[in-house]
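Colleague: build me a model from this:
(one chain, ligands or ions: 4)
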Amino acid sequence: EAKLAGRNRYRFFDPLQDQQLACFYARIEDAGDALKNDQFQLFYQPKVDLESGEVIGCEALLRWQHPVRGLLSPADFLPPVEKHAHFALPLGDWVMETALKQIAAWQETGLDFPVSINASALQIASDDFEIKLRSQLGRYPEISPGKLEIELLETDAIKDFDHVSNVIRSCRDLGVTFAIDDFGTGYSSLAYLKQLPVNTLKIDQGFVRDSVNNPQDQEILKLIISFGQVFDLKVLAEGVETVAHAELLKTHGCRYAQGYAFAKPMPAAAVERWYRTWESGNPLGNSAPRRAS
Ligand code: C2E
Ligand code: MG
Ligand code: MG
Ligand code: MG
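Modeller: Ligands and ions are numbered 1, 2, ... in the order given. Next up, the predicted model:
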């Protein structure tokens with residue numbers, strides 16, 4: 001009987017799938033080594049205030065400088081890695097620590113950017129998230145905890161609602177702020193969303209992309225923006241690629257934005273150069289934006 005079941009299972013043997021599986025494991029083993037060999041890097045993408053032109057912060061986005069495959073984006077390696085606590089948690093710790101180090105370094109040079117990091121489902125589900133955060137912040141007493149923001153995917157944020165809400169609340173007690181990422185893509189009920197103790201909604205770029213020509217997307221944008229207003233949340237639109245996107249969002253009352261229209265994600269040193277150019281004039285037509293404080 002057991003044999004039969006076994007044989008039945010192997011009926012589904014598929015060389016292609018097998019190869020993909022091997023690749024998959026090679027990739028996550030690789031990712032573990034990559035951390036040891038210092039091949040990960042954070043890029044930073046500025047976020048701006050559409051009204052004042054101020055830079056309100058940067059989002060840290062993970063990159064892997066792969067020795068053979070070149071510069072990799074999260075889509076190229078993160079999905080399998082994120083399923084394994086063994087890799088995902090140390091990687092998450094590294095991201096948190098690297099971002100704090102960058103905040104401190106920027107602070108030294110007079111750049112007062114808050115930085116947001118993306119936290120994975122496993123990280124936020126882990127029992128010691130707040131403890132780790134507290135100890136990392138303890139290593140950088142010069143940084144006000146309000147300089148660190150944590151972005152959670154909408155889907156992850158409501159997965160274990162009570163636990164996640166508690167984690168958010170206790171981290172907010174430390175001064176850290178939270179955003180819901182890819183808002184509008186998670187099939188979450190409004191009943192849950194309205195109870196999540198976050199500070200910011202990040203509108204998924206999927207609603208922004210065609211919004212200029214698509215009246216339905218515009219209506220969705222308006223809905224999300226008013227949802228944010230009702231619950232007193234900051235609303236930031238992602239994937240703002242054109243001045244037309246920015247103007248549309250501004251017209252509908254969306255205050256903050258992030259996207260290629262302003263800057264692509266880039267290494268920290270490039271952000272500093274970008275910022276000096278931005279200060280002297282930007283596509284929003286605000287000739288002299290003030291520094292965020
Ligand atoms: P996300 O957090 O929603 O980040 C936004 C993504 O949109 C980034 O892709 C960014 O490069 C891209 N983007 C920014 N502006 C534009 C634009 O104007 N147009 C378009 N088409 N795209 C734009 P990226 O860097 O490839 O990251 C993809 C996702 O990977 C992120 O989505 C986030 O969910 C995840 N991720 C990135 N870094 C980390 C990390 O350190 N930890 C974890 N757990 N996840 C991360
Ligand atoms: Mg994000
Ligand atoms: Mg997003
Ligand atoms: Mg995303």
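Colleague: CA atoms for contacts and neighbours, from now on please.
Modeller: Fine.
Colleague: pretty sure K47 contacts A257?
Modeller: Yes. Here K47 reaches A257: they are 5.7 Å apart, a contact under Cα atoms under 8 Å.
Colleague: quick one, what contacts G32?
Modeller: F87 (Cα atoms under 8 Å, 6 or more residues apart in numbering).
Colleague: revised request: answer the last question for W274.
Modeller: Applying Cα under 8 Å, 6+ apart, we find W274 in contact with A263.
Colleague: which SS class is it?
Modeller: Judged by DSSP: H, G, I helix; E, B strand; the rest coil, the three-state class of W274 is helix.
Colleague: tell me the pLDDT of it.
Modeller: Looking at W274, its pLDDT stands at 95.
Colleague: same question for R172.
Modeller: For R172, the predicted pLDDT is 97.
Colleague: now swap in the one 5 residues further on and tell me
Modeller: With respect to pLDDT, T177 scores 98.
Colleague: which parts of the protein sit against ligand 3?
Modeller: 181-182 (Cα under 5 Å from the ion).
Colleague: in the stretch 1-150 of the chain, which spans are helices?
Modeller: For the stretch 1-150 of the chain, helices defined by DSSP state H, counting those that start in this stretch occupy the ranges 2-10, 15-36, 74-82, 85-108, 121-125, 129-139.
Colleague: for ligand 1, what are the nearby residues on this structure?
Modeller: Contact residues, the chain versus ligand 1 (Cα under 6 Å from any ligand atom): 61-62, 73-74, 95, 118-120, 181-182, 239-241, 259-260, 265.
Colleague: can you rerun that using 5 Å?
Modeller: Applying Cα under 5 Å from any ligand atom, one finds that the chain approaches ligand 1 through 61-62, 73-74, 118-120, 239-241, 259-260.
Colleague: for those residues, work out which two are farthest apart.
Modeller: S120 and E241 (25.8 Å; Cα to Cα).
Colleague: what about T200, neighbour count?
Modeller: By other Cα atoms under 10 Å, 21 other residues sit near T200.
Colleague: these two touch, right, it and V235?
Modeller: Yes. At 5.7 Å, T200 counts as touching V235 under the criterion of Cα under 8 Å.
Colleague: got any residues that touch both of the two?
Modeller: G228.
Colleague: how about the residue in the stretch 101-250 of the chain that ligand 3 sits nearest to, secondary structure?
Modeller: Closest to ligand 3 within the stretch 101-250 of the chain is D182: 4.1 Å, counting by Cα to the ion. Here D182 is strand, with the state taken from three-state DSSP.
Colleague: separation between P114 and L223?
Modeller: 27 Å (Cα to Cα, to the nearest Å).
Colleague: now the nearest residue to L122 once chain neighbours are set aside: how far from N118?
Modeller: Leaving aside its sequence neighbours, L122 sits nearest to A85 (Cα to Cα, 6 or more residues apart in numbering; 6.5 Å). According to Cα to Cα, A85 and N118 sit 16 Å apart.
Colleague: kindly report the same for T277.
Modeller: Noted for T277: a distance of 27 Å to N118, by Cα to Cα.
Colleague: who's more crowded, those two?
Modeller: N118 (21 against 11).
Colleague: if we can go back for a sec, how about a markdown table for the helices of the stretch 1-150 of the chain, with distance to G53 and mean pLDDT added?
Modeller: Listed next are the helices of the stretch 1-150 of the chain as a markdown table, based on distance: least, Cα to Cα, whole Å; pLDDT from 0 to 100:
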| stretch | distance to G53 | mean pLDDT |
| --- | --- | --- |
| helix 2-10 | 59 | 44 |
| helix 15-36 | 36 | 67 |
| helix 74-82 | 29 | 90 |
| helix 85-108 | 20 | 96 |
| helix 121-125 | 33 | 93 |
| helix 129-139 | 29 | 97 |
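Colleague: out of those helices, nearest to G228?
Modeller: Using Cα to Cα, the helices of the stretch 1-150 of the chain put helix 121-125 closest to G228, at 22.9 Å.
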